[in-house]
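Attaching a predicted model along with its sequence, questions to come.
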Amino acid sequence: MPIDRSRLTTEQPNPRSRDIDRRSTLEIVDIINAEDRTVADAVAAQRVRIAEAVDAVVEGFRKGGRLFYVGAGTSGRLGVLDAAECPPTFGTPPRRVQGLIAGGRRALVRSVEGAEDCAELGAAEIDKRRAGPRDVVVGIAACGVTPFVCGALKRAGKLGARTVLLTCARQVRRPGFADILINPVVGPEVVTGSTRMKAGTATKLVLNTLTTAAMVRLGKVYGNLMVDLQASNAKLRDRAERIVSAVTGLERPRARALLERAGGEAKVAIVMHFRGSSPAEARRLLKACDGSLRRAIEGHAA
C-alpha cells in the first residue's frame, strides 16, 4: 500500500511563505531567515532524547561498537558528512562512524530516484556491515516513513543493535523498530516539502551534537580543545601546535618540537610534557586512562 504523506508536517504548505514568489529578493531572504530561526528551539526541545542517544553511542563505542547513520537524499548526505568529519576532528578509526545512503556513493552527488523506496535495500546495507549488539544505528528520515531507513532500523533491531529514529514529522510516534525517537518539529518548509531546508538544518544540528557530545564523553576533548585531532594538513598541524602550546604553556617552537617527538599526536605530546615520559610511556598512560587526557596528566588511571 502506498504511503500517504499528505498529512505529514514536512509536506504541509507554510502559510508564512504562501506568496513568496511575489516578494522582493530581500523579502524572500527575510522569510527564509525567520523560518530558520525556529530550528534551534525545535532541536532544544529534544535535548533529553538526544542525550539518551549520546549515552547509547558512548556505551557502544566503549565496547568497540560502531555508529551507523542511515538516510536517503539530504538526510543520507548529512549522515555521510558527519561520519566523514569524525576521523580528522577526533582521531577515530574511519569505520567507527559510517554513513549509509540509499543509492550508494553515486547518490552523494546526484539523485538516485527510487533507491529510498526499498526497505529490503536498507536491511541489506545493515547485513553487509554485520551490525550487532555493540552498534548504534541512527535512521534519518525527515518525513519519518522512508522505507530504506525503516527497513534498516528494523533489521538492526533484530540483530540486537540500539536504534534511533531522527525525524521532523510531528505525526510520527515511537515505532516498534526504534529504541529512541528524536523528533524536532520544525514545521512546514518555506518551499513545500523541501526538507533540505529547515529539516536539513535540524538534522545537521542533531548529528553534530550526537558525535561531538559522545567524543567529549570519551575524552577526545580537553577543555574545549580537540586534542585527538589528526594533523593531516597544514591547518590541522598549526592547530595541533597551538593546542599543545595552550595546554602546556610552551612557546610555539618548543611545542612544535614536542609534537614532532610525539609523532604528531597532541595528546601524547601533552602527556609527555606533564609526566616527563617517553612517547611510548605516554601512550601507555593514555590507554590505561581509557584515552582521557585529563586523567592521564593528573595521574588517575581507569
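Thanks, I have the structure now. Treat the numbers as computed from the prediction; the structure is a model and nothing was measured. Residues are numbered from 1 along each chain as shown.

Residue 62 against residue 218, yeah?
Yes: between residue 62 and residue 218 a contact is recorded at 7.5 Å, counting by C-beta atoms under 8 Å. (Each C-beta comes from the backbone N, C-alpha and C, glycine too.)

shared neighbours of the two, anything?
residue 290 (C-beta atoms under 8 Å, 6 or more residues apart in numbering).

and these two? which has more neighbours close in?
For residue 62 and residue 218, the more surrounded residue by other C-beta atoms under 10 Å is residue 218, and the numbers stand at 18 against 12.

What score does the more buried one have for pLDDT?
The model reports residue 218 with a pLDDT of 94.

per-residue confidence averaged over the strand or helix carrying residue 258?
Using DSSP states H and E, the element containing residue 258 is helix 252-261. What helix 252-261 shows for mean pLDDT is 95.

so the helix or strand just after it versus helix 252-261, what angle?
Later in the chain than helix 252-261, the nearest helix or strand by DSSP H and E is helix 266-275. On the basis of axes from the mean of the first three to the mean of the last three C-alpha atoms, to 10 degrees, helix 266-275 is oriented at 110 degrees to helix 252-261.

where do the helices sit along this protein?
Taking DSSP state H, the helices of the chain run over residues 25-36, 39-44, 47-62, 73-90, 119-128, 147-158, 198-217, 234-248, 252-261, 266-275, 279-288, 293-298.

Average pLDDT for the fifth one, rounded please.
Across helix 119-128, pLDDT averages out at 97.

can you list contacts of stretch 107-115?
With contact meaning C-beta under 8 Å, 6+ apart, stretch 107-115 is reached by 72, 73, 76, 77, 80, 101, 102, 103, 104, 106, 121, 148.

my guess is the third one contacts residue 104, does it?
No: between residue 76 and residue 104 there is no contact under C-beta under 8 Å: 9.8 Å.

neighbour count winner among those two?
Legend: neighbour count by other C-beta under 10 Å for residue 76 and residue 104, higher for residue 76 (28 against 13).

which residue packs closest to the more buried one, ignoring adjacent ones?
Ranked by C-beta to C-beta, 6 or more residues apart in numbering and with sequence neighbours excluded, the top spatial neighbour of residue 76 is residue 101, at 3.1 Å.
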